[in-house]
Each structure stands twice: as C-alpha cells, then as structure tokens.
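# here are the coordinates; sequence isn't available:
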C-alpha cells in the first residue's frame, strides 16, 4: 500500500554523503596518527636497546664489571619496556581505526541503492562489516606489528653484527631474502586451502542453522538422526581441510627454521674457529652470536606470519570493494507543498532478469483521491510502489509526483512523503510506539489515534 496524500513536514535530511571515491580508503592512512608514530618510535628505541645490549653482553663476557652489568640491565629492561609500550599504543591505535572502519563500511553498505541491497545476502554484508574488519584489525595488531618490529630491529642488529664481523653485512640480508624465497611457493597453496576450509566451515554452519530452524519438523518426522549424521560428515570435512592448512603452515616453519637455524649454527662454528685462530675476540663472538640469535628468531617469526598477512590482504580487497560501492544520490529539488498527484507516463520497466516487464503504463491519480491496483501476484503492483519511492529508479520522465519527475526530487524528501507498507513488515528493536511511527519524531497522541482508528 502506498500513501500519496498530503505529506507531513519532511524529516530532517541528513548531510550529503561523500561519494565512494572521496571516502577514506582502506589502506595505511587509517593508521596515520601521532600515537602510531609514538608506537613505532618506541619499537625502534627498543630495537636499538636490544642491539646495544648484545654489544654490552659481549664486553661483559670478556671483562666483567658492575658498571657493565648495570648497563646491560638498562639496555635489556629498557628495550622490553619500550617495546611493550609501543605494542600497547599500537593496539590502541588499531582498535580506534577498526572502529572507524566498521562505521564507514556500515555507511557504505546502507547507503547503496535499495536494488543493490536486495541482491546482497544479509550474511554477506555482516561478513564484510564485522568478520573482515575484525580480521584486518587482528592482522594489524599482530602480523603487521611483527613485520614492522622485525624491520625496525633488523637495522640495528645488522649494523652491530657488521661492525663486529664484516661478513655479517652480507650474510644477514641474504638470510632474510632466502627465508622469504623458500616460503613464497607455499603461500598460494595456503591461500587456496584456506578458502576451501572456509567453504567447509560455511557448509557446516548452514547445516546447523537449518537444523535449528527446522527443529519442530525434525522432531515430528524423527529426522534428528539424519541431521546429526550430516553435521558429523561436514565436521569431518572441516577437520580434514583444517589439517591440510596446518600441514602447509608447518612446512613454512620447517623450511625457515632449517635455513635460519642452520645459519645460526654456521655462524657459531665459524666464530669459534675465528676465536681459536686469534682473528676474533671473545667479546666479539658473544656479541655476534647474541645478535644473530635475535635476528634469526625475529625473521623466523615473520616468515610464519606471512600466510596470515596474505589472508588479511584478501580481506582488505573485499573491504575496498564494499567501500567503493555506489551510493544513492543526494540533493535535488524540494517537494511541492500541499497534496500531491501521481502520474505515470508511458512507463517501461524491467528488472533485467526473467520475463517480467512493465510496458507503456499510463496512470493518473489526482491529489486527494484513492486508487486501488488489483491484479494477480507478479503483475507489477509492488513494482509500481517501488518506482514511486525510488527503491528502483524509473526511466526519466515516466513517474511524476506533484508534476515533477521523481528522479529530480531530493531522495530523502521524496521518501518522507511517500509511505510504502509491504506485505512483510519488520519489527525492529524499540517500543511499540516507535515501530508504529517508524522511528520518526511525533506525539504519543498521534500514535494512539492511529491505533484507535485501525481498531488494533
């Protein structure tokens, strides 16, 4: 049912929405803030402290003194405190950025044309706004922070190692490149297997949801055994797909671990040989071993995070797609005052799928009159209401309200004057009065009057 009578005062129109191209992008700029700089600075100072502590430990092994012990404690404790503070601040920045991203994504989803929203499953929108956003937030808090921390720490460690033993200037970069090279062939396989695993989880969840929704029918038909068997089979599939992912990820750990720890063992053997040949001091050996151990541990952890980084980038791409969705137009001509007449002029419309189409519809409904459209299901009654309210857009000049093309009218003002009551009405969280008034500002007397008039 569509109401085209004298329209009330239009609702307050929200400010124009930025077009998709001007919305904040889904990239590193969402993390740009003084607090993020402070977190990175803390991590860098912590990395410098760790590298300096390795050098002090080497000196301490050769010439122990109270002053060196205090200096080592200052380097180690200070580095740990600075790194922890940096990580805490980074997590706070990420949480705020994740909240803003979720709000922007919700706006982007809800501001799409109604026709586009009808084509999207509710679960798909929730996955983008909630699950993918959480995945990106977790990626930034853990994997990205680990990557940044490793890169910041590599510089001081590389410098101390190279000054201690010059071949380390070449060895450290080669080890990092080699670690990435041995892992890279596995990343596409892990990504593919994770997609298959997610499909298995989705199938299992769908079966569980279906079973809960049909619990009464299952009881009366004694179909519980079928549901349990089906869910068990799907759960076994989930475990199998998960095991495949774990197997590939364990290969990442084995490859990087073998390479990097082989480098560590080789450095130790060469270092001992150099000390025995009086070409390297004990202090230098201790420093070199500690620095190499720290470097190997951090690069190994980074390599293990690469599959998660790749999965997170997939979520970023999906979020960018939603953020770039076309939004409904804003602005336009105001509605004429007073009662409004409706006119359809040679209206043609088709949804683009299926045989249904409106062709050459001519209709005039003068202001203040009532017109009933009667027809079989699927004849186009609801479509006409959707065209008047611009749930879908008609051809230019084919739908006029108050003598003006609905395409030229301000969309919010148009919908404040055109009321559409569909066959299925959703009850939203709120009071009964708010649902009756569709959450518009109004007096309680008006709501009670509507209820009395309808005999509810």
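Thanks, I have it. Everything numeric here is computed off the predicted structure, so don't read it as measured data.
# Please count neighbours and contacts with C-alpha atoms only from this point.
Will do.
# Counting by contacts, list what the helix ranked longest in the chain packs against.
In the chain, assigned by DSSP state H, the helix with the most residues is helix 224-276. If contacts are counted by 3 or more CA pairs under 8 Å, 6 or more residues apart in numbering; DSSP states H and E, helix 224-276 sits against helix 168-183, helix 186-213, helix 282-323.
# So which of those helices is the most surrounded?
Among these, the stretch with the highest mean neighbour count (mean count of other CA atoms under 10 Å) is helix 282-323, at a mean of 21.
# Please compute how far it lies from its chain's middle.
Computed by CA atoms, centre = their mean, to the nearest Å, the chain-centroid distance of helix 282-323 equals 22 Å.
# Over to stretch 329-347?
With CA atoms, centre = their mean, you get 39 Å for stretch 329-347.
# Name the residues of that stretch that come out as buried.
329, 330, 335, 339, 340, 341, 342, 343, 344, 345, 347 (16 or more other CA atoms under 10 Å).
# Please name the spatially closest residue to residue 242 (chain neighbours excluded).
residue 197 (6.1 Å; CA to CA, 6 or more residues apart in numbering).
# what sits against that neighbour?
By CA atoms under 8 Å, 6 or more residues apart in numbering, the contact set of residue 197 is 238, 241, 242, 245.
# and what of residue 401?
340, 341, 342, 343.
# The first one contacts residue 367, doesn't it?
Just to be clear, that refers to residue 340. Yes. Counting by CA atoms under 8 Å, residue 367 is a contact partner of residue 340 at 4.9 Å.
# how close does residue 32 sit to residue 92?
13 Å (CA to CA, to the nearest Å).
# Neighbour count: those two, which is higher?
residue 92 (16 against 12; other CA atoms under 10 Å).
# and the helix or strand containing that one with helix 282-323, angle?
Element membership for residue 92 (DSSP states H and E) is helix 66-110. Relative orientation of helix 66-110 and helix 282-323, computed by axes from the mean of the first three to the mean of the last three CA atoms, to 10 degrees: 10 degrees.
# Which secondary structure elements does helix 66-110 sit against?
helix 34-62, helix 133-138, helix 282-323.
# circling back: out of the helices and strands packed on helix 224-276, which is closest to residue 222?
helix 186-213 (12.4 Å; CA to CA).
# for that closest one, the distance to its chain's centre please.
In terms of CA atoms, centre = their mean, the centre of helix 186-213 is set 18 Å apart from its chain centre.
# now residue 456: how far from residue 437?
15 Å.
# ok, the two, which is more surrounded?
The residue with more neighbours, out of residue 456 and residue 437, is residue 437; 15 against 7, by other CA under 10 Å.
# residues in contact with that one?
Contacts of residue 437 (CA under 8 Å, 6+ apart): residue 447.
# okay, it: pLDDT?
On the pLDDT scale, residue 437 is placed at 84.
# Now residue 346. Its backbone dihedrals?
Note on residue 346: backbone dihedrals following degrees, to the nearest 10 are phi 40, psi 50.
# Let me have the contacts of residue 401 in TSV, extended by distance to residue 108 and secondary structure.
Below are the contacts of residue 401 laid out as TSV (distance: CA to CA, whole Å; DSSP: H, G, I helix; E, B strand; the rest coil):
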residue	distance to residue 108	secondary structure
340	32	coil
341	33	coil
342	32	strand
343	33	strand
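# hmm, back to that, just checking, what packs against the helix or strand just after the helix holding residue 92?
Where DSSP H and E defines the elements, the next helix or strand beyond helix 66-110 is helix 114-118. Contact partners of helix 114-118 among helices and strands, from 3+ CA pairs under 8 Å, 6+ apart: none.
# tell me which residues in helix 114-118 are buried?
114, 116.
# chain center to it, what's the gap?
On CA atoms, centre = their mean, the centre of helix 114-118 falls 21 Å from that of its chain.
# tell me the contacts of the one residue sitting closest to the centre of the chain?
Central residue of the chain (CA atoms, centre = their mean): residue 133, 2.4 Å from the mean position. When contacts are counted by CA under 8 Å, 6+ apart, residue 133 touches 98, 101, 102, 315, 319.
# so the last one sits right up against residue 132, yeah?
Translated: residue 319. Yes. Using CA under 8 Å, residue 319 makes contact with residue 132 at a distance of 7.2 Å.
# Quick check: mean pLDDT of the helix holding residue 92?
On average, helix 66-110 scores 92.
# Now do it against helix 34-62: the angle between them, please.
Going by the same axes, to 10 degrees, helix 66-110 makes 150 degrees with helix 34-62.
# how far out from the middle of the chain is helix 66-110?
21 Å.
# Give me the residue ranges of the stretch 101-250 of the chain where confidence is low.
118-123 (pLDDT under 70).
# in stretch 430-437, what's buried?
433, 434.
# what's the answer for stretch 401-410, then?
Quick answer for stretch 401-410 (16+ other CA under 10 Å): 401, 402, 404, 405, 406, 407, 408, 409, 410.
# Run through the helices of the stretch 351-456 of the chain in chain order.
381-389, 411-417, 432-436, 444-454 (DSSP state H, counting those that start in this stretch).
# Need the ones you listed in TSV (columns: distance to residue 187).
Shown next, in TSV, are the helices of the stretch 351-456 of the chain (distance: least, CA to CA, whole Å):
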stretch	distance to residue 187
helix 381-389	48
helix 411-417	47
helix 432-436	51
helix 444-454	60
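# Give me the pLDDT for residue 325.
78.
# For residue 140, see how far away the closest residue to residue 144 other than its chain neighbours is.
Nearest in space to residue 144, with sequence neighbours left out and distances taken as CA to CA, 6+ apart, is residue 309 at 7.4 Å. As judged by CA to CA, residue 309 and residue 140 stand 9 Å apart.
# Low-confidence ranges, the stretch 351-456 of the chain, go.
Across the stretch 351-456 of the chain, the ranges flagged by pLDDT under 70 are 354-356.
# before we move on, back to that, save the helices and strands packed on helix 66-110 as a markdown table, and put in distance to residue 376 too.
Output for the helices and strands packed on helix 66-110, formatted as a markdown table (distance: least, CA to CA, whole Å):
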| stretch | distance to residue 376 |
| --- | --- |
| helix 34-62 | 62 |
| helix 133-138 | 44 |
| helix 282-323 | 37 |
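# quick one: which of the ones you listed is nearest residue 394?
Closest to residue 394 of the helices and strands packed on helix 66-110, according to CA to CA: helix 282-323, at 25.0 Å.
# quick check, nearest of the contacts of residue 197 to residue 359?
residue 238 (50.6 Å).
# rewinding a little: residue 81: which of the buried residues of stretch 401-410 is nearest?
Of the buried residues of stretch 401-410, the one sitting nearest to residue 81 (CA to CA) turns out to be residue 410, at 56.8 Å.
# What is the burial count for residue 226?
Around residue 226 there are 12 other residues, counting by other CA under 10 Å.
# Residue 95 now?
Using other CA under 10 Å: residue 95 sits among 18 other residues.
# The one 5 residues further on too?
Under the neighbour criterion other CA under 10 Å, residue 100 is assigned a count of 14.
# Same question for the one 10 residues further on.
As a burial measure, the neighbour count of residue 110 was computed by other CA under 10 Å and equals 15.
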